[in-house]
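**Student:** Got a predicted model here, sequence first, then my questions.
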Amino acid sequence: MDQRPGRLILEGGTSETLSPPLPETSADLERLAASIQRAVQQETHGGIRNLQVTVTAKEILLFGCCTTYYLKQLAQHAAMSFAGRNEVINLIEVR
């Protein structure tokens with residue numbers, strides 16, 4: 001059995017890399033939210049107005065508004081790179 005951290009051996013001998021869980025301390029969650037916000041702004045070239053990112057121990061929530069579904073999708077993709085196996089809830093409004 002593979003004892004390295006971050007690896008899961010599945011039945012049948014295949015392995016899968018596990019993503020680390022989101023941090024649990026409030027300071028770490030705030031730092032992660034700020035990092036996600038910067039990544040979203042960079043990926044969308046500032047196209048999300050009133051962007052707010054909230055991170056809990058189990059999910060990442062995106063709030064704001066934009067002009068196209070493409071920008072909303074780019075924002076979600078940027079946030080997903082931080083989420084691992086946790087859920088990204090994209091509440092960005094397209095107007």
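**Tutor:** Arrived safely.
**Student:** The top helix by length along the chain: which residues count as buried?
**Tutor:** The longest helix of the chain (DSSP state H) is helix 26-43. For helix 26-43, the neighbour count (16 or more other C-beta atoms under 10 Å) marks 29, 32-33, 36-37, 39-41, 43 as buried. Quick note: C-beta positions are derived from backbone N, CA and C, even for glycine.
**Student:** For it, give the mean pLDDT please.
**Tutor:** The average of the pLDDT scores along helix 26-43 is 93.
**Student:** pull the CA atoms of it into CSV?
**Tutor:** Provided in CSV are the C-alpha atoms of helix 26-43 (Å, rounded to 0.1, in the frame of the first residue of the first chain):
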residue,chain,number,x,y,z
SER,A,26,-10.4,32.0,10.0
ALA,A,27,-7.1,33.7,9.2
ASP,A,28,-6.2,31.0,6.7
LEU,A,29,-9.7,31.2,5.1
GLU,A,30,-9.4,35.0,4.7
ARG,A,31,-6.0,34.7,3.1
LEU,A,32,-7.3,32.0,0.7
ALA,A,33,-10.3,34.2,-0.1
ALA,A,34,-8.0,37.1,-0.9
SER,A,35,-5.9,34.8,-3.2
ILE,A,36,-8.9,33.5,-5.0
GLN,A,37,-10.2,37.1,-5.4
ARG,A,38,-6.9,38.2,-7.0
ALA,A,39,-6.9,35.1,-9.3
VAL,A,40,-10.5,35.8,-10.4
GLN,A,41,-9.8,39.4,-11.1
GLN,A,42,-6.6,38.5,-13.0
GLU,A,43,-8.3,35.8,-15.0
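**Student:** Now do the next helix-or-strand element following it: distance to the chain's middle.
**Tutor:** Tracing the chain C-terminally past helix 26-43 and defining elements by DSSP states H and E, one meets strand 49-55 next. Distance, stretch centre to chain centre, for strand 49-55: 12 Å (C-alpha atoms, centre = their mean, to the nearest Å).
**Student:** quick one: strand 49-55 to helix 26-43, angle?
**Tutor:** Interaxial angle, strand 49-55 versus helix 26-43 (axes from the mean of the first three to the mean of the last three C-alpha atoms, to 10 degrees): 140 degrees.
**Student:** Show which residues not belonging to strand 49-55 make contact with it.
**Tutor:** 22, 29-30, 32-34, 36-37, 40-41, 60-66, 75, 79, 92 (C-beta atoms under 8 Å, 6 or more residues apart in numbering).
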